[in-house]
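Engineer: Sequence and predicted structure are below.
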Amino acid sequence: TAAVAIGTAAVNVSSDVDTAMNGFAAATGTAVDKLGEYEDAMLNIYNNNFGESFEDIAASMGEVKKIMGDGMGADELETMTQNALMLRDTFEFDVAESVRAANSLMDQFGISGEEAYNLIAQGAQKGLNQNGDMLDTFNEYSVQFAQMGYDAEDMFNMLANGAESGTWSIDKLGDAVKEFNIRLKDGTANEALETLGFNVDEVNAKYAAGGESAQEATKEILAALQSVENENERYLLGQKMMGTMWEDLGEDAISALLDTEGAISNTKDSLSEINNIKYDDLGSMLEGLKRNFETMLLPLGNALIPLITQVVQLI
């Protein structure tokens, strides 16, 4: 009876793994002869207690692979998928949406997937997703922050500072940076810059250089704007440089937004902290033990399935 029970469990596990990997192969176009390394990645994620089932993990891996592209190896796919599932469990982020956001951060700021998810986790902890628009904001506005010389940490801290000023939507904050960037490039802000005493060509050169040069130019412009004593004149100049975003957000929010100082940092390993805290309970430990036992039965199931298949075919 015990042997039959163990054999049945082994066959079920093997069948579930095959079904999950067949779905992964069909969804991503992965050749069957290359599924072995991806199966190992799925089993590692399962044994680490992430995902609801083999099928759930394989489907999530498929989403990651489709978004990140074929150049991603199995090890990186494993890490990205595990992080995506962790953030889904913790913050209810859809896997595909968080992967797209992480991919945008990686493309625009040249950071790793691990660093991208680490920053996303910290952003969520700081309340940046209070209106459910954080991931979309990263997708849409990362390029604008990067073009103005900011790195990923700068962007997260800027958005956090803007949100702490009372702004109800970080999408509006991202839109303000976009509007400022566009108006500097198309010359719409030239008149306001000249009124504030800047040489337009010199300002453009600083932004073209990017990095610290562009950031310094932004600080100088904001400082000059804030030094305008006449409130109406300051308001009009702000509008010329940021359009309706200056009116929608207000001067205090803009000042907070352009402050890059903050607690969000790549040196803080928020992913490990979340993992250690969220899954540190008896239920999670028992589930992890159960999963490891199931995968130990996998070789037995793989051996039994061909025999069972022959019997079924004979019948």
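Structural biologist: Nice, I can see it.

Engineer: how near is Ala27 to Gly73?
Structural biologist: With distances taken as Cβ to Cβ, to the nearest Å, Ala27 is found 18 Å from Gly73. From N, CA and C alone the C-beta is placed, and that goes for glycine too.

Engineer: more crowded one of these two?
Structural biologist: More crowded of Ala27 and Gly73, by other Cβ atoms under 10 Å: Ala27, with 15 against 10.

Engineer: gap between that one and Thr90?
Structural biologist: 25 Å.

Engineer: In terms of secondary structure, what does the helix or strand harbouring Met106 contact?
Structural biologist: Met106 is part of helix 95-109 when elements are defined by DSSP states H and E. The elements that helix 95-109 packs onto, with contact taken as 3 or more Cβ pairs under 8 Å, 6 or more residues apart in numbering; DSSP states H and E, are helix 54-68, helix 74-91, helix 113-125, helix 134-147, helix 152-164.

Engineer: at 7 Å instead, please
Structural biologist: If contacts are counted by 3 or more Cβ pairs under 7 Å, 6 or more residues apart in numbering; DSSP states H and E, helix 95-109 sits against helix 54-68, helix 74-91, helix 113-125, helix 134-147.

Engineer: Let's see the first one as CSV, backbone CA atoms only.
Structural biologist: The C-alpha trace of helix 54-68 is given here as CSV (Å, rounded to 0.1, in the frame of the first residue of the first chain):
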residue,chain,number,x,y,z
PHE,A,54,4.6,23.9,-11.3
GLU,A,55,2.1,25.2,-13.8
ASP,A,56,2.0,28.7,-12.2
ILE,A,57,5.8,28.9,-12.1
ALA,A,58,6.2,27.7,-15.7
ALA,A,59,3.6,30.3,-16.8
SER,A,60,5.4,33.0,-15.0
MET,A,61,8.7,31.9,-16.4
GLY,A,62,7.1,32.1,-19.9
GLU,A,63,6.0,35.7,-19.2
VAL,A,64,9.5,36.7,-18.2
LYS,A,65,11.1,35.0,-21.2
LYS,A,66,8.7,36.6,-23.6
ILE,A,67,9.3,40.1,-22.2
MET,A,68,13.0,39.8,-21.6
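
Engineer: Redo the helices and strands packed on helix 95-109 as TSV? Include distance to Ser104 and mean neighbour count.
Structural biologist: Listed next are those as TSV, based on distance: least, Cβ to Cβ, whole Å; neighbours: other Cβ atoms under 10 Å:
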stretch	distance to Ser104	mean neighbour count
helix 54-68	10	22
helix 74-91	14	22
helix 113-125	8	23
helix 134-147	5	21
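
Engineer: just how off-centre is the lengthiest helix in the chain within its chain?
Structural biologist: Longest helix of the chain, by residue count under DSSP state H: helix 2-28. Distance of helix 2-28 from the chain centroid (Cα atoms, centre = their mean, to the nearest Å) equals 31 Å.

Engineer: cool, and stretch 17-36?
Structural biologist: Computed by Cα atoms, centre = their mean, the chain-centroid distance of stretch 17-36 equals 25 Å.

Engineer: Next: stretch 278-289.
Structural biologist: Worked out by Cα atoms, centre = their mean, stretch 278-289 lies 26 Å from the chain centre.

Engineer: got the buried residues for it?
Structural biologist: For stretch 278-289, the neighbour count (16 or more other Cβ atoms under 10 Å) marks Tyr279, Gly288 as buried.

Engineer: Just give the closest residue to Phe156, not the sequence neighbours.
Structural biologist: Nearest residue to Phe156, sequence neighbours excluded (Cβ to Cβ, 6 or more residues apart in numbering): Ile264, at 4.3 Å.

Engineer: how would you label that neighbour: helix, strand or coil?
Structural biologist: Following DSSP: H, G, I helix; E, B strand; the rest coil, Ile264 is assigned to coil.

Engineer: Please tell me I have it right and Val13 contacts Leu297.
Structural biologist: Yes: the pair Val13 and Leu297 passes the contact test of Cβ atoms under 7 Å, sitting 5.3 Å apart.

Engineer: Give me the more crowded residue out of the two.
Structural biologist: Neighbour tally, Val13 and Leu297, criterion other Cβ under 10 Å: the higher count belongs to Val13, 22 against 19.

Engineer: Report pLDDT for that one.
Structural biologist: For Val13, the model assigns a pLDDT of 78.

Engineer: same question, the one 5 residues further on
Structural biologist: The per-residue pLDDT reported for Asp18 equals 88.

Engineer: Quick check: the gap between it and Ser265.
Structural biologist: Taking Cβ to Cβ, one finds Asp18 at 43 Å from Ser265.

Engineer: residue ranges with poor pLDDT in this protein?
Structural biologist: 2-5, 282, 301, 304-305, 307-308, 311-312 (pLDDT under 70).

Engineer: Report the contact partners of the residue nearest in space to the middle of it.
Structural biologist: Closest to where the C-alpha atoms of the chain average out (Cα atoms, centre = their mean) is Ala102, at 3.1 Å. The contact partners of Ala102, by Cβ atoms under 7 Å, 6 or more residues apart in numbering, come to Gly113, Ala116, Tyr117, Ile120.
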